[in-house]
Structures are given as C-alpha cells and as structure tokens.
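A.B. asks: Output the structure for:
(chains A and B)
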Amino acid sequence: MLVEPSSLAVLGGAIALGGGLLGSSIGIATAASAGAATMSEDRGQFRNVIILASLPMTQTFYGLIVMIIMLVLRCSLSG
Amino acid sequence: MTAAAECFSAIHQGNVCASGISLLPKTKGQIFTNAVMLAVFVELIGVLGLVFSIMALNLHGLM
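C.D. replies: From the prediction side, this is the model:
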C-alpha cells in the first residue's frame, strides 16, 4: 500500500493540533495588543487583561485532545 | 474540519476578547463578566468541532 492508514491518522491529528495553534496564536496576539493599550491607561486592570487575553489559548487544548485520540486510535487501524 | 473550526474560532474569540479588553478602563472593570460570557459563545464553536470530530470517529467504527 502506498500510504498507510495509520500514517494518515497521525497526519490528521497533527493538522488538528496545528489549526488550534495557528488560531490561538493569532487570537492571543489580537487580544494582547489591545491589552497593552488598556494597561497603559489603567494599571489596575492587570488581572482582567491576563484572564481575557488567555481565553483563546483553550482552543489549543481541544486540538491536543483530538491529536491524542487519533494517536491512540491508530493502533486499531489495519495496516 | 476540526482544525478549521478551532482556527477560526480562536481568531474571532481573540477579536471578541480584544473588544472587551479595550472597554475595561472606560467601565472600571464592570464589563469583565459580560466579555467572558460573550467569549464563551465563540468557544462553543471549538467545543462543537471537538464533539463532531469524536462523533465522526465513532461513525467510522474506530472508537
């Protein structure tokens, strides 16, 4: 067989994790650049800025979950 | 599909969080809870991508 099914499963899991990483990096960059402007005006909002800027990071963990599931499931594929 | 869902979901969640952050000093932090609630709506799309990925693996008989 030219392409093994298990290697396709590993590639799909890697693409899922890569999508989560790409979106999270762009989202955190957008939120943190607004947070820098906010911190210059009001120094007391540091905790809220940190919490709101780290919210897009959670999408990475969903991609990580999908990659772990596909890495576990590739053992059950024939080939 | 999971990759596309989480990519666009995270990008637009960053936009929502940036709008909430830019309004924090004007409202003295009162908008923080509302901004988190609006960001969780965008987060729902990422959770749907995860759930549909697991459901597709189930439909192919892999789990």
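A.B. asks: from here on, contacts and neighbour counts on C-alpha atoms
C.D. replies: Will do.
A.B. asks: count of neighbours near B:Val40?
C.D. replies: Other residues near B:Val40 come to 16 when the count uses other CA atoms under 10 Å in any protein chain shown.
A.B. asks: Pull up the gap between it and A:Gln59, please.
C.D. replies: As judged by CA to CA, to the nearest Å, B:Val40 and A:Gln59 stand 11 Å apart.
A.B. asks: Can you name the residues that contact the residue nearest the centre of chain B?
C.D. replies: Centroid-nearest residue in chain B: B:Glu43, 1.9 Å away (criterion: CA atoms, centre = their mean). Shown in contact with B:Glu43 (CA atoms under 8 Å, 6 or more residues apart in numbering or on different chains): A:59, B:9-10, B:13.
A.B. asks: Buried ones among these?
C.D. replies: A:59, B:9-10, B:13 (16 or more other CA atoms under 10 Å in any protein chain shown).
A.B. asks: Restricted to helices, list those residues.
C.D. replies: Mapping these onto helices (DSSP state H) picks out A:59, B:9-10, B:13.
A.B. asks: give me the element B:Glu6 is part of.
C.D. replies: Assigned by DSSP states H and E, B:Glu6 belongs to helix B:2-22.
A.B. asks: From the chain's centroid, how far away is the helix or strand that contains B:Leu48?
C.D. replies: For B:Leu48, the host element (DSSP H and E) is helix B:32-59. Distance, stretch centre to chain centre, for helix B:32-59: 6 Å (CA atoms, centre = their mean, to the nearest Å).
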